[in-house]
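Student: with the input below, show me the fold.
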Amino acid sequence: MKAIHFGAGNIGRGFIGKLLADAQAELTFADVNQPLVDQLAHQQHYQVNVVGENARVEQVSRISAIYSNSPDAIAQIAQADIITTAVGPQVLSKIASTLAQGLIARFERGNAQPMNIIACENMVRGTSQLKQHVLQAMPIALHGWVEEHIGFVDSAVDRIVPPGTAANDDPLDVTVETFSEWIVDSTQFKGALPEIAGMEPTSNLMAYIERKLFTLNTGHAITAYLGQLAGYRTIRESILDPAIREVVKNAMTESGDVLIKRYAFDSQQHAAYIDKILTRFENPYLHDEVERVGRQPLRKLSENDRLIKPLRGTLEYALPNRHLIIGIAAALRYRSHQDPQAQEMANLLEEKGVTSTVNQVCGLHDQPELVAQIVNVYNAMQR
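Tutor: Numbers count the residues shown, from 1 in each chain. Purely as a prediction, here's the structure:
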């Protein structure tokens with residue numbers, strides 16, 4: 001199995017890339033960071049430090065690396081069996097042109113073998129969105145060929161991989177938590193499903209996408225935003241504060257009640273899933289900073305993301321949402337000089353006021369009473 005993974009950062013090396021390497025794939029990382037590409041190509045191995053329960057060090061070997069926008073990347077796409085990404089939601093559109101050129105080269109070479117592309121991003125059906133970008137970059141005459149031979153497989157991914165100092169001086173080494181989950185839509189594959197340990201196929205992907213989005217992502221973000229307000233630096237420090245923990249757990253319970261109504265999840269099993277996530281946030285070996293988790297607040301406050309989408313669900317099923325509202329208000333209070341989105345949000349709040357900003361960013365124009373509740377909580381919060 002020839003695999004190309006776009007995104008050679010910590011998540012790419014510590015999660016999806018590692019699973020591909022463990023599956024004995026012929027693995028090539030593709031990235032725009034030329035020094036990183038050069039080091040991976042030269043060294044061809046790195047260590048993954050798994051911390052927490054069952055801590056261990058695992059070696060990833062026999063890898064190669066190429067520059068994402070190079071002719072070499074296009075040539076390799078023309079021959080690959082599987083392509084995965086961990087580049088971030090906002091970068092998917094930027095790699096679409098390279099993917100399109102690779103698929104055109106694949107067609108011109110007469111390669112009719114099925115290939116599957118899986119975007120492993122923190123977003124809902126990211127691969128389907130990537131597919132639209134790729135098709136827009138290709139001649140319409142080839143769209144039918146793509147539909148026949150190329151699978152665009154949506155997935156849900158879950159593993160905390162914070163930036164961290166390696167156990168030694170090798171900058172390629174990466175630290176990850178023990179827990180990981182990679183669930184893929186089995187109905188979207190072309191050809192046989194690849195045998196990759198740790199990749200779980202399902203025919204009901206949306207349930208798992210929303211379970212992760214409404215629980216891990218919702219709780220993680222609220223922990224970061226409340227943590228920054230309280231003056232904490234890390235997720236662990238934040239979640240160990242009893243007041244923050246209570247809000248985070250109750251917010252995940254509110255969003256979980258939506259999932260239980262929508263997908264008939266077992267309530268006791270979902271409560272255990274919430275408790276597991278809280279334990280993961282407490283992991284003393286993961287030095288995960290609130291600024292990393294809270295970054296890009298405009299995206300995280302958008303209509304279909306981790307805060308507003310579960311809030312909409314509580315309206316749909318007439319469920320409580322007080323703690324989700326606290327989390328949303330805290331997100332509006334997030335500030336970071338290193339984050340362009342945080343600066344843009346602060347400017348919006350300054351220029352347009354809280355009500356207009358919530359309507360614009362969160363898409364809640366049709367819920368004036370709910371917006372008023374968010375504004376009241378925001379105004380009551382002290383930085």
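
Student: if we look at the helix or strand containing Val134, which residues are touching it?
Tutor: Secondary structure from DSSP states H and E places Val134 in helix 126-136. Defining contact as Cβ atoms under 8 Å, 6 or more residues apart in numbering, one finds that helix 126-136 is touched by 85, 89, 92-93, 95-96, 99-100, 103, 117-120, 123, 143, 146, 152-155, 188. For every residue, glycine as well, the C-beta is placed using N, CA and C.

Student: tell me which residues in that helix are buried?
Tutor: 126-127, 129-131, 133-135 (16 or more other Cβ atoms under 10 Å).

Student: how about stretch 203-222?
Tutor: Quick answer for stretch 203-222 (16+ other Cβ under 10 Å): 205, 207-222.

Student: got the end-to-end distance for it?
Tutor: 30 Å (Cα to Cα, to the nearest Å).

Student: just to revisit the earlier point, and the next helix or strand past the helix holding Val134?
Tutor: Next element after helix 126-136 (DSSP H and E): helix 143-149.

Student: which residues are in contact with whichever helix or strand comes after that following helix?
Tutor: As assigned by DSSP H and E, the chain's next helix or strand after helix 143-149 is strand 150-153. Strand 150-153 is contacted by residues 103, 114-118, 127-128, 130-131, 134, 184-185, 188-191 when judged by Cβ under 8 Å, 6+ apart.

Student: what does stretch 372-383 give?
Tutor: So stretch 372-383 is contacted by 229, 325-326, 328-330, 332-333, 335, 354-355, 358, 362, 364 (Cβ under 8 Å, 6+ apart).

Student: go again using 6 Å as the cut-off
Tutor: With contact meaning Cβ atoms under 6 Å, 6 or more residues apart in numbering, stretch 372-383 is reached by 325-326, 328-329, 332-333, 354-355, 358.

Student: likewise stretch 303-315?
Tutor: Against stretch 303-315 from outside (Cβ under 6 Å, 6+ apart): 124, 213-214, 217-218, 221, 255, 258, 300-301, 321, 324, 328, 362-363.

Student: mind listing which of those are in helices?
Tutor: 218, 221, 255, 258, 300, 324, 328, 362 (DSSP state H).

Student: most neighbours among these, which one is it?
Tutor: Neighbour count (other Cβ atoms under 10 Å) singles out Ser255 as the most crowded of the ones in helices among the contacts of stretch 303-315, with 31 neighbours.

Student: any of the contacts of stretch 372-383 buried? List them.
Tutor: Here, 16+ other Cβ under 10 Å leaves 325-326, 328-329, 332-333, 354, 358 buried among the contacts of stretch 372-383.

Student: can you give me the helices for the stretch 51-200 of the chain?
Tutor: 71-77, 92-108, 126-136, 143-149 (DSSP state H, counting those that start in this stretch).

Student: doesn't His5 make contact with Gly17?
Tutor: Yes. Under the criterion of Cβ atoms under 6 Å, Gly17 makes contact with His5 at 4.8 Å.

Student: let me see the contact set for Leu193.
Tutor: Counting by Cβ under 6 Å, 6+ apart, Leu193 makes contact with Pro201.

Student: apply 7 Å and report the result again.
Tutor: Taking Cβ atoms under 7 Å, 6 or more residues apart in numbering, we find Leu193 in contact with 186, 201.

Student: need the helices of the stretch 51-200 of the chain in a markdown table (columns: distance to Ala251).
Tutor: Listed next are the helices of the stretch 51-200 of the chain as a markdown table, based on distance: least, Cβ to Cβ, whole Å:
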| stretch | distance to Ala251 |
| --- | --- |
| helix 71-77 | 41 |
| helix 92-108 | 28 |
| helix 126-136 | 24 |
| helix 143-149 | 41 |
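
Student: would you turn those into JSON lines with mean pLDDT?
Tutor: JSON lines is the format used below for those (pLDDT from 0 to 100):
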{"stretch": "helix 71-77", "mean pLDDT": "97"}
{"stretch": "helix 92-108", "mean pLDDT": "98"}
{"stretch": "helix 126-136", "mean pLDDT": "97"}
{"stretch": "helix 143-149", "mean pLDDT": "98"}
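
Student: no more questions from me, cheers.
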